[in-house]
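[1] Got a predicted structure plus its sequence, pasted below:
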Amino acid sequence: MPELKKIRKKDRTPPNLLGYFSRLALRQAFDPAGKSTPRIIKGSYLFADLSGFTAMSDQLSVLGRKGAEELADIINKIFDPLLDIVFSYKGDVVKFGGDAILVVFDGRIHTQRALECA
């Protein structure tokens, strides 16, 4: 558990958690007001789904474990650069779902950042 004293004043985010959770999740978890209730987030959402993923996964499934590893490698090769782009526009990943990703852009000019990212 991170020590709350080490939380940066600017963003109230423990530095050792930055790589594991979205900024959005950390802001809510370490809200200085101590609020843990759900909030409405004003922002723009982006949903992306990989075309042809189901057919590809069906073809690779006949290879067993090797096919599953190959599928994981393909997904990582696709999502790694996509995530770099999302993060460069200050987007936060809300959820991954197989071959899909849901991202939220909040704060200043969220609509413009979401459109430019897409």
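    Received it, and whenever you're ready, just let me know what you need.
[2] which residues does Ser57 contact?
    Neighbour list for Ser57: 71, 99 [criterion: C-beta atoms under 8 Å, 6 or more residues apart in numbering]. Every C-beta, even on glycine, is put in place using the N, C-alpha and C of the backbone.
[3] The same query, at a cut-off of 7 Å, please.
    Listed by C-beta atoms under 7 Å, 6 or more residues apart in numbering, the contact partners of Ser57 are Leu71.
[4] tell me the centre residue of this structure?
    Val93 (2.0 Å; C-alpha atoms, centre = their mean).
[5] How about the contacts made by it?
    By C-beta under 7 Å, 6+ apart, the neighbours of Val93 are 22, 86, 101, 103.
[6] Check which helix or strand it maps to.
    Under the criterion of DSSP states H and E, Val93 resides in strand 92-97.
[7] quick one: buried residues of that strand?
    92-94 (16 or more other C-beta atoms under 10 Å).
[8] Could you list the low-pLDDT ranges of the protein?
    For the chain, the stretches flagged by pLDDT under 70 are 1-20, 30-38.
[9] What are the boundaries of the strands in it?
    In the chain, the strands defined using DSSP state E lie at 43-49, 92-97, 100-106.
[10] would you turn those strands into JSON lines with distance to Ala118?
    Output for the strands of the chain, formatted as JSON lines (distance: least, C-beta to C-beta, whole Å):
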{"stretch": "strand 43-49", "distance to Ala118": "6"}
{"stretch": "strand 92-97", "distance to Ala118": "15"}
{"stretch": "strand 100-106", "distance to Ala118": "9"}
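[11] Okay then, goodbye and thanks.
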